[in-house]
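A.B. asks: take this sequence and fold it.
(chains A, B, C and D)
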There are 2 protein chains.
Amino acid sequence: MGNDMAEAEPTAKRRVTIREVAERAGVSMATVSRVLSGNHPVPASTRARVLRASRDLDYVANAHARALVGGGRKMVAVVLRQVTSPFYAQVAEGVEAEAASRGWLCLVGTTGGDPQRELEFVQLMREEGARLVILVGGVVEDDAYRERVAHYAQALDSAGARLVLCGRPAPDPDIPALVVEFDNEAGAHAITGHLLSAGHRGIVFLGGLPGNTALDARVAGYRAALAEHGLPPEAAHVVDCGLGRAAGHRAMTQLLKETPDFTAVFAGDDMVAAGALRAIAEAGLRVPDDISVVGYNDIPLAEDFNPPLTTVRTPAEELGRAAVRIALRDPEHAAGAHHLLGTHIVVRDSVQPPPQAPRDAAPDRPH
Amino acid sequence: MGNDMAEAEPTAKRRVTIREVAERAGVSMATVSRVLSGNHPVPASTRARVLRASRDLDYVANAHARALVGGGRKMVAVVLRQVTSPFYAQVAEGVEAEAASRGWLCLVGTTGGDPQRELEFVQLMREEGARLVILVGGVVEDDAYRERVAHYAQALDSAGARLVLCGRPAPDPDIPALVVEFDNEAGAHAITGHLLSAGHRGIVFLGGLPGNTALDARVAGYRAALAEHGLPPEAAHVVDCGLGRAAGHRAMTQLLKETPDFTAVFAGDDMVAAGALRAIAEAGLRVPDDISVVGYNDIPLAEDFNPPLTTVRTPAEELGRAAVRIALRDPEHAAGAHHLLGTHIVVRDSVQPPPQAPRDAAPDRPH
DNA sequence: GTGAAAGCGCTAACAA
DNA sequence: TTGTTAGCGCTTTCAC
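C.D. replies: Model prediction:
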């Protein structure tokens, strides 16, 4: 059916352009552009011919040429440490969903936690003309960070783009960046309270990462809750092992060997909790009978841990959605704004009152 | 230091162009282009001045303009159902890593399993000039699918781009597409054999998805293993509940109520296994004492299930890396090629010989 | 070594 | 209603 294209010389790896469509339809390029954009009145008959030609040739517009003259495609970029982290993946999904629902293209980049790659990616997004750049995840807030972010913000802003900091602080309230994050301190406070209410007094925080804003806030919430229950500052025991399943496993193994005087663990996030749970099981101890464990984030599989994990639910997808929604809703007003999203505890089976008798420091592992 | 920029008129939301850099450096645009591209000899003194100006102005090239005249940025696009699936996320991470290591930009798009969105995304990638498009994940192979993919392949190819099918079949070996996938049948065969060797004879496959190529292959491997052990075809019991944790939970709950005559479950993937494990626990039964369970994919958290899951390891990240490596390695030769990646069993604690006495159909749930 | 000029594919005035 | 024209920001001959 009408594929006289076969006669045409082999278009050796060249995209078909608007000019070819115009020729085939017997109209000018401008007319083709008009029917394709659909923002200009064109009689149905011409319109049909153009559409027909475009379809026959399987024409797709060159987005770059279009971007050059028009404003460019509406594009949002999310930058994460890694997509394989369940929490980050959910945030990305939220951004993607909200962006897609508005007809925006979403690009996700990963840095592996390397500031250099982050910088390169932001640079890339500037080149590509992203209108919205969302940086996700806690960071250590040092001078280098502050300088970097100030630069991003200024550069993006002067190009008419917007910067959103998701779960990380703005170095300065005057900077043209929007921050959206969870109330880490409140969440940590609440879950620590949950442990305290169950009767625990020896609670260790596993997964500190000094300088990291998200973790520092959780530690602060933890300390505050301890203090409120009348415990002395020394009651706080923070293990700075960082995040990740492996770190949690390693630190917990060590802790069990060296420090017998605790009955509960507050893991910095659910992945740390997973590692801790595993280490406890390997040591022949049971959760929650011997030790109670709580996590943070409520990743989708937290319910499948052994035992199902009591944790703090941080609606990650909503965080992503909120980031783009707020940034797009009120562009001018958004700059410099700070939005705190709430969290709540999800009670499952990993917490119980502490056992009566203290356990041995390093019990024999059943074989 | 040297920020006489402050004197310049406010560049009201306009990106700085190469012309401004040229003016500031007192050279022509061509010269700026040359030093920035670095592919043309330029005296060190001029070079320094240009670099200086470029830095002062915080210039970044307009990628669209560049793409228009040059070949455009090397960009690979991965298309997945969703990033929050641990398996897909790992594949994406592999693609991203391999692409980044070669200086390619990686864009990930999600479809939610909707062919329409898939089509739109591929179209978008054509517009953006992606040089490599990777479609990931099994599909139901119907006529619509075959037609769609044939179209993608032809369109991409005629624009000089490449199409990779990851874990899904090429509708026709002559099509200019590369397929890279795991040997699902072999993996399923092996793990079914593992269950059979443990003494199980009543093994149900949970998570069939008729028409889906990946699942069909696993079912085929399952049936083949059964047959090899001398079991009649009726011994196969496939529950077509589809994938996902929720589906697995629902189907398993139902199965426990209605069908008491099985001792092991082969879940279509680890998420289904998670749901099944949960359902079994809710029914007051124990794994592996009462029922053995195996999964598929070995997602990172499979080890943290209750009990740790015996499953088939499909190196997802390697799948992603292989896809780009193969596609980029031997462009001409790659078209039409079919690469099968191997898998292996990971033995953990969810399999044990079947119990002696048959269990009740629907034991009382402990409350 | 460096500048002038052409043109990538497209859209948006401006004419007709 | 439709065509002609002038760029968008950049790279790349081709002269000088």
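
A.B. asks: any idea of the pLDDT on residue A:336?
C.D. replies: Confidence at residue A:336, expressed as pLDDT, is 73.

A.B. asks: that one in helix, strand or coil?
C.D. replies: The assignment at residue A:336 comes out as coil when based on DSSP: H, G, I helix; E, B strand; the rest coil.

A.B. asks: who's in contact with it?
C.D. replies: Listed by C-beta atoms under 8 Å, 6 or more residues apart in numbering or on different chains, the contact partners of residue A:336 are A:170, A:173-178. C-betas here are computed from N, CA, C, even on glycine.

A.B. asks: run the last query once more with 7 Å
C.D. replies: Applying C-beta atoms under 7 Å, 6 or more residues apart in numbering or on different chains, we find residue A:336 in contact with A:173-174, A:176.

A.B. asks: what's the local residue count around the residue nearest to residue A:166 when sequence neighbours are not counted?
C.D. replies: Spatial nearest neighbour of residue A:166, chain neighbours left out: residue A:136 (4.3 Å); criterion: C-beta to C-beta, 6 or more residues apart in numbering or on different chains. With neighbours defined by other C-beta atoms under 10 Å in any protein chain shown, the count for residue A:136 comes to 26.

A.B. asks: could you dump the contacts of residue A:336 into a markdown table with secondary structure, neighbour count and distance to residue A:69 added?
C.D. replies: Output for those, formatted as a markdown table (DSSP: H, G, I helix; E, B strand; the rest coil; neighbours: other C-beta atoms under 10 Å in any protein chain shown; distance: C-beta to C-beta, whole Å):
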| residue | secondary structure | neighbour count | distance to residue A:69 |
| --- | --- | --- | --- |
| A:173 | coil | 11 | 37 |
| A:174 | coil | 11 | 35 |
| A:176 | coil | 18 | 27 |
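
A.B. asks: would CSV of these with distance to residue B:350 and pLDDT be doable?
C.D. replies: Output for the contacts of residue A:336, formatted as CSV (distance: C-beta to C-beta, whole Å; pLDDT from 0 to 100):
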residue, distance to residue B:350, pLDDT
A:173, 52, 87
A:174, 56, 89
A:176, 53, 91
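
A.B. asks: thinking again about what came up before, pretty sure the residue nearest to residue A:166 sits against residue A:87.
C.D. replies: No: contact criterion C-beta atoms under 7 Å: residue A:136 and residue A:87 do not qualify, at 9.3 Å.

A.B. asks: the helix or strand hosting residue A:30 and DNA strand D in contact?
C.D. replies: Counting by DSSP states H and E, the element that carries residue A:30 is helix A:29-37. Yes: with C-beta under 7 Å from any atom of the strand as the criterion, DNA strand D is reached by helix A:29-37 at A:29-31, A:34.

A.B. asks: give me the buried subset of those.
C.D. replies: The neighbour-count test (16 or more other C-beta atoms under 10 Å in any protein chain shown) applied to the residues of helix A:29-37 next to DNA strand D identifies A:31, A:34 as buried.

A.B. asks: out of the residues of helix A:29-37 next to DNA strand D, which one sits closest to residue B:152?
C.D. replies: Of all these, residue B:152 sits closest to residue A:29, with 26.8 Å by C-beta to C-beta.

A.B. asks: can you list the low-confidence ranges for chain A?
C.D. replies: Along chain A, segments meeting pLDDT under 70 span A:1-12, A:331-335, A:360-367.

A.B. asks: one more pass at 50, please.
C.D. replies: Judged by pLDDT under 50, chain A has its weakly predicted residues at A:1-11, A:361-367.

A.B. asks: quick one, helices of it?
C.D. replies: Listed from the start of the chain, chain A has helices (DSSP state H) covering A:18-25, A:29-37, A:44-57, A:63-69, A:86-101, A:115-128, A:143-158, A:184-197, A:213-228, A:245-258, A:270-282, A:316-329, A:331-334.

A.B. asks: can you list the ones you listed in CSV and add distance to residue B:311?
C.D. replies: Below are the helices of chain A laid out as CSV (distance: least, C-beta to C-beta, whole Å):
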stretch, distance to residue B:311
helix A:18-25, 52
helix A:29-37, 50
helix A:44-57, 47
helix A:63-69, 42
helix A:86-101, 18
helix A:115-128, 32
helix A:143-158, 40
helix A:184-197, 31
helix A:213-228, 32
helix A:245-258, 17
helix A:270-282, 16
helix A:316-329, 26
helix A:331-334, 45
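
A.B. asks: residue B:50 is nearest to which of these?
C.D. replies: Among the helices of chain A, the nearest to residue B:50 by C-beta to C-beta is helix A:115-128 (17.8 Å).

A.B. asks: report whether that closest one contacts DNA strand D.
C.D. replies: No: Helix A:115-128 does not reach DNA strand D (C-beta under 7 Å from any atom of the strand); its nearest approach is 8.4 Å.

A.B. asks: could you check the angle helix B:86-101 makes with that helix?
C.D. replies: Per axes from the mean of the first three to the mean of the last three C-alpha atoms, to 10 degrees, the angle that helix A:115-128 makes with helix B:86-101 is 80 degrees.

A.B. asks: excluding chain neighbours, what is closest to residue A:319?
C.D. replies: residue A:91 (5.4 Å).

A.B. asks: that neighbour: neighbour count?
C.D. replies: 30.

A.B. asks: ditto for residue A:228
C.D. replies: The tally of other residues near residue A:228 (other C-beta under 10 Å) stands at 12.

A.B. asks: how about the one 3 residues further on?
C.D. replies: Here the neighbour count serves as a burial measure; for residue A:231 (other C-beta under 10 Å) it reads 16.

A.B. asks: same question, the one 10 residues further on
C.D. replies: In terms of burial, residue A:241 registers 24 neighbours under the definition other C-beta under 10 Å.

A.B. asks: look up phi and psi at it.
C.D. replies: For residue A:241, the backbone dihedrals (degrees, to the nearest 10) come out as phi -100, psi 0.

A.B. asks: that one and residue A:276, how far apart?
C.D. replies: Using C-beta to C-beta, to the nearest Å, residue A:241 is found at 10 Å from residue A:276.

A.B. asks: same check, this time on residue A:165
C.D. replies: From residue A:165 over to residue A:276 (counting by C-beta to C-beta), the distance is 29 Å.

A.B. asks: what do you get for residue A:224?
C.D. replies: From residue A:224 to residue A:276 the distance is 22 Å (C-beta to C-beta).
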